[in-house]
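**Student:** mind folding the following:
(chains A and B)
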Amino acid sequence: GQNIDQPTEMTATEGAIVQINCTYQTSGFNGLFWYQQHAGEAPTFLSYNVLDGLEEKGRFSSFLSRSKGYSYLLLKELQMKDSASYLCAVRDLNAGKSTFGDGTTLTVKP
Amino acid sequence: DGGITQSPKYLFRKEGQNVTLSCEQNLNHDAMYWYRQDPGQGLRLIYYSQIVNDFQKGDIAEGYSVSREKKESFPLTVTSAQKNPTAFYLCASSIRQGEKLFFGSGTQLSVL
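**Tutor:** Got it, this is the predicted structure:
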């Protein structure tokens, strides 16, 4: 099975940088996804890591360490529209399906 | 435009009633999924399907049923056996099983 932990809530200031952590314990690992979900809306894909290291995509970057069971999502130059929940999801090695963490609600303040 | 369509957006269920949530995709994706989301929580997998006429139980399948008669469609029935059905239901699809998910806009189900 999968056990995925994320902080419940975070607050940051517009223009700043914030790092959202995700730790996981899994019987089989085949990649990690990050999704963004605005209140009342569907999640949208942000990033996917399967190898160790940093993947950069504009203001958003995602990092993975498989040996530590750890990932983070880094958001730079925060904007008000970045206020949302950020969901970490681990892809199961055998079944090919993803298990989600409970998500981190980020509030960006002026 | 390609995408996933869920309907209805809001649904109310009476005691002892079965209700069906619709999910249609025109992305030509092989895999489809149903997730349940409770307030302040992440997504929990109900059922998933890799190909037509095949589906598997997820982590919380009790009280739910699905069918996959067409590649484009993956309806979810919430049966009267599901005693706590109030939640936000999300349908998703992926090119192949395990790939990144594309979500529909969701259905909020409430009990009268």
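**Student:** just the mean pLDDT for stretch B:11-28, thanks.
**Tutor:** Here stretch B:11-28 scores 93 as its mean pLDDT.
**Student:** how about that stretch: buried residues?
**Tutor:** By neighbour count on 16 or more other C-beta atoms under 10 Å in any protein chain shown, the buried set for stretch B:11-28 is B:11, B:13, B:19, B:21-25. To be clear about C-beta, it is placed using only N, CA and C from the backbone, and glycine gets the same treatment.
**Student:** quote the end-to-end distance of that stretch.
**Tutor:** Distance between the two ends of stretch B:11-28: 27 Å, counting by C-alpha to C-alpha, to the nearest Å.
**Student:** check stretch A:97-107 too.
**Tutor:** 29 Å.
**Student:** list the buried ones in that stretch?
**Tutor:** Those would be A:97-106, for stretch A:97-107 by 16+ other C-beta under 10 Å.
**Student:** likewise stretch B:98-108?
**Tutor:** B:98-104, B:106-107.
**Student:** how about B:Tyr47: what's its closest non-neighbour residue?
**Tutor:** Distances taken as C-beta to C-beta, 6 or more residues apart in numbering or on different chains place B:Val66 nearest to B:Tyr47, at 4.5 Å, with adjacent residues excluded.
**Student:** tabulate the buried residues of stretch A:97-107 (TSV), appending distance to B:Ser93 and pLDDT.
**Tutor:** Compiled in TSV, these are given as follows (distance: C-beta to C-beta, whole Å; pLDDT from 0 to 100):
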residue	distance to B:Ser93	pLDDT
A:Lys97	13	83
A:Ser98	13	89
A:Thr99	18	91
A:Phe100	16	94
A:Gly101	21	94
A:Asp102	23	94
A:Gly103	21	95
A:Thr104	25	97
A:Thr105	26	96
A:Leu106	27	98
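**Student:** please flag which of those sit within strands.
**Tutor:** A:98-100, A:104-106 (DSSP state E).
**Student:** re earlier: ok, and of the buried residues of stretch A:97-107, which contact chain B?
**Tutor:** Checking these against chain B by C-beta under 8 Å from any C-beta of the partner chain, the ones in range are A:97-103, A:105.
**Student:** now those residues in CSV, with distance to A:Gln36?
**Tutor:** Output for these, formatted as CSV (distance: C-beta to C-beta, whole Å):
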residue, distance to A:Gln36
A:Lys97, 20
A:Ser98, 15
A:Thr99, 18
A:Phe100, 13
A:Gly101, 13
A:Asp102, 15
A:Gly103, 10
A:Thr105, 11
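**Student:** can you tell me if stretch A:17-32 touches chain B.
**Tutor:** Yes: applying C-beta under 8 Å from any C-beta, one finds stretch A:17-32 in contact with chain B at A:30-31.
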